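Visitor: predicted model and sequence follow; I will ask about them next.
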Amino acid sequence: MAVVLKSPQEIEKMGRAGRIVHEVLELVRSKVKPGVTTYDLEKAAVARLKDLGVKAAFKGYQGYPCVLCTSVNSEVVHGIPSPKRVLKAGDIVSVDFGVVVDGYYGDAAVTIPVGAIDADAARLLKVTEASLQAGIAAVRPGATLGDVGAAVQGVVEREGFSVVRDFVGHGIGANMHEDPQVPNFGAPGQGMKLRTGMVIAIEPMVNAGKPEVMVLPDGWTAVAKDGSMSAHFEHTVAVTADGARILTV
Ligand code: MF3
Ligand code: CO
């Protein structure tokens, strides 16, 4: 699939999708506390979507059963909400969510602390979010995907954490996944050049330990092989003449 550049009007539509994604993620954040299940979070998101009359992006995608992905502790991505998964103080939960509004997608993720978390987990969250911001800061017309990946990777590895290699970010627009792939690692100057009108989802997944992941027998949940904690932050961003515009805010 070729890279599809978006017009300013299309980027405005993606901004509407992105704002709803952000709003629902903030609603989910407000519900996260010890004793709540990941399925309670799913129900809160479903109810809000119903009120808004908005369609979720993930449910039904390759048979995925829910509107949220909820990945707890060593789960990296694509955890499936479950009424059996009770959150407890000290856990971290990565919530990934997307919508389609007027034919255009928005996609974002945040990792949320459950009650009080230990210092190592807090540092993992801080560093992963900072790595996303560093990737976003590298976005401008003429910069390369390697510049973005190197910016993310640099922040992560300086802190002794690892970037997951098996999942990457992506172009996004009238489809949830478009070209190009957006790795969270790379070398400055390498890879495709960014152009005004490109819209990409940058989504570092960071393990406190080693980068390897494996998929559980449910066919979805990816976990850190070494059992270490994992965090995930994602924004949908447009490349503009002045640099990145974050759409999922
Ligand atoms: N946010 C994920 C991504 O960027 C989408 C989750 S996959 C799904 O690829 F199957 F759950 F939809
Ligand atoms: Co994504």
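Guide: Cool, got the structure. Ligands and ions are numbered 1, 2, ... in the order given.
Visitor: identify the residues contacting the lengthiest helix in the chain?
Guide: The single longest helix within the chain, with elements called by DSSP state H, is helix 8-31. Helix 8-31 is contacted from outside by 6, 40-41, 44-45, 48-49, 52, 54, 68, 95, 97-110, 112, 172-173, 197, 199, 236, 238, 245-249, using Cβ atoms under 8 Å, 6 or more residues apart in numbering. All C-beta atoms are positioned from the backbone trio N, CA, C, and that covers glycine.
Visitor: what residues does this protein have near ligand 2?
Guide: With Cβ under 5 Å from the ion as the criterion, the chain meets ligand 2 at residues 107, 201, 203.
Visitor: can you tell me the SS state at the second one?
Guide: Okay, so that is residue 201. strand (DSSP: H, G, I helix; E, B strand; the rest coil).
Visitor: is there a quick ChimeraX command that grabs whichever of the contacts of helix 8-31 are buried?
Guide: Buried residues within these, by 16 or more other Cβ atoms under 10 Å, are selected in ChimeraX with:
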select :6,40,41,44,45,48,49,54,68,95,97,98,99,100,101,104,105,106,107,108,109,110,112,172,173,197,199,236,238,245,246,247,248
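Visitor: out of the contacts of helix 8-31, which are inside strands?
Guide: When these are checked against strands (DSSP state E), the matches are 68, 95, 97-101, 104-110, 112, 199, 236, 238, 245-246.
Visitor: name the nearest residue to residue 177, sequence neighbours excluded.
Guide: Excluding its sequence neighbours, the residue lying closest to residue 177 (Cβ to Cβ, 6 or more residues apart in numbering) is residue 170, at 4.8 Å.
Visitor: neighbouring contacts of whichever helix or strand that neighbour is part of?
Guide: Element membership for residue 170, per DSSP states H and E: strand 169-171. For strand 169-171, the external contacting residues (Cβ under 8 Å, 6+ apart) are 3-4, 176-184, 198-203, 234.
Visitor: pull out the buried residues from stretch 206-224.
Guide: Here stretch 206-224 shows 206-209, 211, 213, 220-224 as buried, counting by 16+ other Cβ under 10 Å.
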